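Colleague: give the three-dimensional model of this entry:
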Amino acid sequence: MTNDLPEIRITTYRGEPHFTWGNKNNKRRRKIKNPNDENAVQRQKAQLITEILVQQEGGQILKRVKVPLEQHITDFLKDASRKCGPDHLKAKEKRLRRVLEVADIKHVDQLDAARIDDAIRSMRQVPASPHKDVDEYPILKTKTKNDYRKTIKQFSRWLYRKNRTEAHALHDLDMEQVRDNTKRIRFQPDELELLINAAMESERTVEGYDGTLRAWLYILAVSTGYRRKELGAITADSFDFESDPPTLTVRIGQTKNKKEASQPFRAELVPALKEFLASREGHVFPNLLKPEPPKTCRMIDSDMEEACIPKTVKEGKRDFHSLRHTFVSSLAASGLAITDIQVMSRHSDLQTVAGYMHSNRGVAKRAVEVLPSLPLPGTPKA
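Modeller: Sure thing, here's the model as predicted:
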């Protein structure tokens, strides 16, 4: 390659010293900075030689050198926006920028697995408006630290795939091992009944939700598999009681993947649901879409305590999202085909054909029939 390197001369152009190279038809010049400093001149010449060699190989490394970190971040997030919703994208950007800041990364060439890992291990649970010294806040939980690792590792992989770095610099950045008791587990049928009964009989208001409202939140979560924010988007008009089976629809833009979802549920819920919805205006479950929503984890923790259901056991922990785990696990335990479970669970890493539920309503009806019967507010116990 060095045989192809053109002669680089120092010449005077417009009264100032320049590096000059190329032939008469393609003469190139670059102004010399600090021409009186011989070391500076030699460093600039070495840099110029490197760039010329790189340009002969397609110019990819030269592009990497010149692209600022902020531009890489912007392009990465633009690509990521095609695959995830605005909330997920916002969280991804927040994690990425925080890691880069704590690790003091100014350029992609500085990405290093050990440096990034040290930075993440030092990060603390500091709120947006801290009211005490940063060192007084606890270290991030292992799962949260792994979320940061996944995001920065995705960024590194993207840089390599886009030919913006010579290698996937964070390939060896390992996840921290999560203790078994932090794994989320399902509710067993008897525990689910105890939980809903505890909420129905509760006289306490938790996070602005009375017992009846909490009970219906749990019932619809475990009956449809909808997530907290998806449940926060529903109104009385979201229900179709005339279809067979009845359905609960979340509009486009309100689900995790931003596609409309229509989930069937058991017909036995309809009479009690109609009575419940008659007194509801606007969103059935208020404020769940706000920037600082009611804490569903506090609601369910309160009712689990009342029902004597331990939050953490040897197998793992239970929280509000465990209701979705219960929904999916119940479908799996019923013996349904895996393709039917894929449609019902709406997992983001599985491909769901538009209109599949409409053309397979019989599948949906069989699926909801295997879900457990639940106690309902306003109905006598058996």
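Colleague: pretty sure Leu192 is touching Phe327, no?
Modeller: No: using C-beta atoms under 8 Å, Leu192 and Phe327 do not qualify as a contacting pair, with a distance of 10.4 Å. Using the backbone N, CA and C atoms, a C-beta is placed for each residue, glycine as well.
Colleague: can you confirm Gln42 is in a helix?
Modeller: Yes: inclusion of Gln42 in a helix is indicated when DSSP: H, G, I helix; E, B strand; the rest coil is applied.
Colleague: the strands in the protein, which residues?
Modeller: With DSSP state E as the definition, the chain shows strands at residue ranges 9-13, 16-21, 28-31, 239-240, 247-250, 261-264, 312-313, 316-317.
Colleague: for the third one, packing partners?
Modeller: What that stands for is strand 28-31. Helices and strands touching strand 28-31, as assessed by 3 or more C-beta pairs under 8 Å, 6 or more residues apart in numbering; DSSP states H and E, comprise strand 9-13, strand 16-21.
Colleague: so what are the sheet partners of that strand and their directions?
Modeller: Sheet pairing for strand 28-31, assigned by DSSP bridges, gives strand 16-21 (antiparallel).
Colleague: between the strands of the chain, which one is closest to Arg82.
Modeller: In terms of C-beta to C-beta, the element of the strands of the chain nearest to Arg82 is strand 261-264, at 19.7 Å.
Colleague: hey, C-alpha coordinates of that closest one in CSV?
Modeller: Extracted C-alpha coordinates of strand 261-264, given in CSV (Å, rounded to 0.1, in the frame of the first residue of the first chain):
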residue,chain,number,x,y,z
ALA,A,261,-54.9,-5.1,19.5
SER,A,262,-58.2,-6.9,20.0
GLN,A,263,-58.2,-9.4,22.8
PRO,A,264,-61.0,-11.8,23.5
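Colleague: buried ones in it?
Modeller: Counting neighbours by 16 or more other C-beta atoms under 10 Å, one finds that the buried residues in strand 261-264 are 261, 263-264.
Colleague: how about the residue lying closest to Gln254 once chain neighbours are set aside, what does it touch?
Modeller: Taking C-beta to C-beta, 6 or more residues apart in numbering, and ignoring the residues beside it in sequence, Gln254 has Ala233 as its nearest neighbour in space, at 3.8 Å. Each residue near Ala233 by C-beta atoms under 8 Å, 6 or more residues apart in numbering is listed here: 250-251, 254, 283, 288-289.
Colleague: how about Asp75: what's its closest non-neighbour residue?
Modeller: With C-beta to C-beta, 6+ apart as the criterion, Asp75 has its nearest non-adjacent residue at 7.6 Å, and that residue is Lys162.
Colleague: ok, the most centrally placed residue in the chain to Arg346 distance?
Modeller: By C-alpha atoms, centre = their mean, the mean C-alpha position of the chain lies nearest to His88, the distance being 4.3 Å. To Arg346, His88 is 15 Å away according to C-beta to C-beta, to the nearest Å.
Colleague: follow-up on the earlier one: just the buried residues out of the contacts of Ala233, in PyMOL syntax.
Modeller: Selecting only the buried entries of the contacts of Ala233 in PyMOL, with 16+ other C-beta under 10 Å as the criterion:
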select buried, resi 250+251+254+283+288
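Colleague: pipe the contacts of Ala233 into a markdown table and attach distance to Thr144 per row.
Modeller: Below are the contacts of Ala233 laid out as a markdown table (distance: C-beta to C-beta, whole Å):
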| residue | distance to Thr144 |
| --- | --- |
| Val250 | 27 |
| Arg251 | 31 |
| Gln254 | 26 |
| His283 | 29 |
| Leu288 | 22 |
| Leu289 | 23 |
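Colleague: between the contacts of Ala233, which is nearest Glu201?
Modeller: Leu288 (23.2 Å).
Colleague: quick check: the closest one touching Glu230?
Modeller: No: look at Leu288 against Glu230 with C-beta under 8 Å: they stay out of range, at 9.1 Å.
Colleague: got a list of what Arg29 touches?
Modeller: Contacts of Arg29 were listed using C-beta under 8 Å, 6+ apart, and they are 11, 13, 18-20.
Colleague: count the neighbours of Gly282 for me.
Modeller: 7 (other C-beta atoms under 10 Å).
Colleague: hang on, the earlier thing: spit out the contact partners of the spatially closest residue to the residue nearest to the centre of the chain that is not a sequence neighbour.
Modeller: Closest residue in space to His88, ignoring its immediate chain neighbours: Lys256 at 7.6 Å, by C-beta to C-beta, 6+ apart. With C-beta under 8 Å, 6+ apart as the criterion, the residues that contact Lys256 are 85, 88, 227, 229-230, 346, 348.
Colleague: can you give me the neighbour number for His72?
Modeller: For His72, the count of nearby residues is 19 (other C-beta under 10 Å).
Colleague: swap in Arg95?
Modeller: 21.
Colleague: need the helices and strands packed on strand 28-31 in CSV with mean neighbour count, mean pLDDT and distance to Val222, can you?
Modeller: Output for those, formatted as CSV (neighbours: other C-beta atoms under 10 Å; pLDDT from 0 to 100; distance: least, C-beta to C-beta, whole Å):
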stretch, mean neighbour count, mean pLDDT, distance to Val222
strand 9-13, 11, 89, 77
strand 16-21, 16, 89, 72
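Colleague: how about those strands in a markdown table, adding distance to Glu136?
Modeller: As requested, these are arranged in a markdown table below (distance: least, C-beta to C-beta, whole Å):
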| stretch | distance to Glu136 |
| --- | --- |
| strand 9-13 | 59 |
| strand 16-21 | 55 |
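Colleague: what segments of the stretch 51-200 of the chain are helices?
Modeller: Listed from the start of the chain, the stretch 51-200 of the chain has helices (DSSP state H, counting those that start in this stretch) covering 60-66, 69-80, 86-102, 113-122, 142-161, 189-201.
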